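> Give the three-dimensional model of this entry:
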Amino acid sequence: DGITIPNSVELNVEETSNVSAEEGSADYAAITAMLGENEKIAKVYNIKLVDEKGEEIQPNDIEEGMTITLRLALPQGVSTSGLKILHIHSANDMEYVENYSVEGNNVVFNVNRLSEFAFVTTAEITPEDNTPTNSNNNSNVLDIIAIVLSSVAIVSVAAISICYLVTRKKRHNLIAK
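Numbers count the residues shown, from 1 in each chain. Coordinates of the predicted model:
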């Protein structure tokens with residue numbers, strides 16, 4: 001209540017598609033053991049506070065009993081139906097976030113320590129489950145258009161080069177006769 005993070009402390013959020021534990025490791029096995037049948041990790045947010053020395057700190061280091069309200073974007077293609085949020089502090093220290101709310105396209109909850117937060121879903125992750133954003137769809141279309149235009153440009157340059165060489169060779173043959 002009324003506690004703010006000092007200006008000298010930075011909140012870092014890294015969005016990844018998997019947990020930081022290396023696949024095949026004991027830590028990874030412990031994390032995936034927390035998943036139910038047909039559940040998978042859809043998105044992971046690694047969230048930390050960093051002080052002015054560049055050292056990772058926890059909310060309790062700022063003020064005893066401090067909690068932070070996190071507002072994380074619901075990953076595209078992830079439905080809130082059956083959604084779970086796994087708080088992974090370490091492979092031996094994990095728990096599901098019990099109380100969260102969905103506000104628009106955000107999942108909101110309070111925590112007293114920061115680390116990895118994995119969005120776990122039982123549903124198939126498909127774009128139809130969530131409202132697609134126009135920017136992603138437009139970006140894909142623009143990427144395809146850029147590839148096509150690049151290919152056309154390369155073919156055009158090659159054709160012009162071939163025409164030039166053929167014309168030059170013909171001209172050279174005419175001069176030589």
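
> how about the strands in this structure?
10-16, 40-50, 56-57, 68-73, 84-90, 93-96, 101-103, 106-111, 116-121 (DSSP state E).

> Now tabulate those strands in JSON lines and tack on distance to E22.
Placement of C-beta: from N, CA and C, glycine included. Formatted as JSON lines, the strands of the chain follow (distance: least, Cβ to Cβ, whole Å):
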{"stretch": "strand 10-16", "distance to E22": "13"}
{"stretch": "strand 40-50", "distance to E22": "14"}
{"stretch": "strand 56-57", "distance to E22": "20"}
{"stretch": "strand 68-73", "distance to E22": "24"}
{"stretch": "strand 84-90", "distance to E22": "14"}
{"stretch": "strand 93-96", "distance to E22": "16"}
{"stretch": "strand 101-103", "distance to E22": "32"}
{"stretch": "strand 106-111", "distance to E22": "25"}
{"stretch": "strand 116-121", "distance to E22": "14"}
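
> Who's the closest spatial neighbour of E116, skipping the chain neighbours?
I88 (4.2 Å; Cβ to Cβ, 6 or more residues apart in numbering).

> low-confidence ranges in this structure?
Residue ranges of the chain with pLDDT under 70: 1-3, 123-177.

> tally of neighbours for A118?
Number of residues near A118 (other Cβ atoms under 10 Å) recorded here: 24.

> For the residue nearest to it when sequence neighbours are not counted, give the beta-bridge partners.
Excluding its sequence neighbours, the residue lying closest to A118 (Cβ to Cβ, 6+ apart) is L86, at 4.3 Å. Beta bridges link L86 to Y96, A118 when assigned by DSSP bridges.

> show me what contacts L86?
I31, M34, L35, I41, M94, E95, Y96, V97, F117, A118, V120 (Cβ atoms under 8 Å, 6 or more residues apart in numbering).

> F119 too?
So F119 contacts I41, A42, K43, V44, Y45, L74, P75, V78, L83, K84, I85, V107 (Cβ under 8 Å, 6+ apart).

> what's the answer for S8, then?
Going by Cβ under 8 Å, 6+ apart, S8 touches D51, E52.
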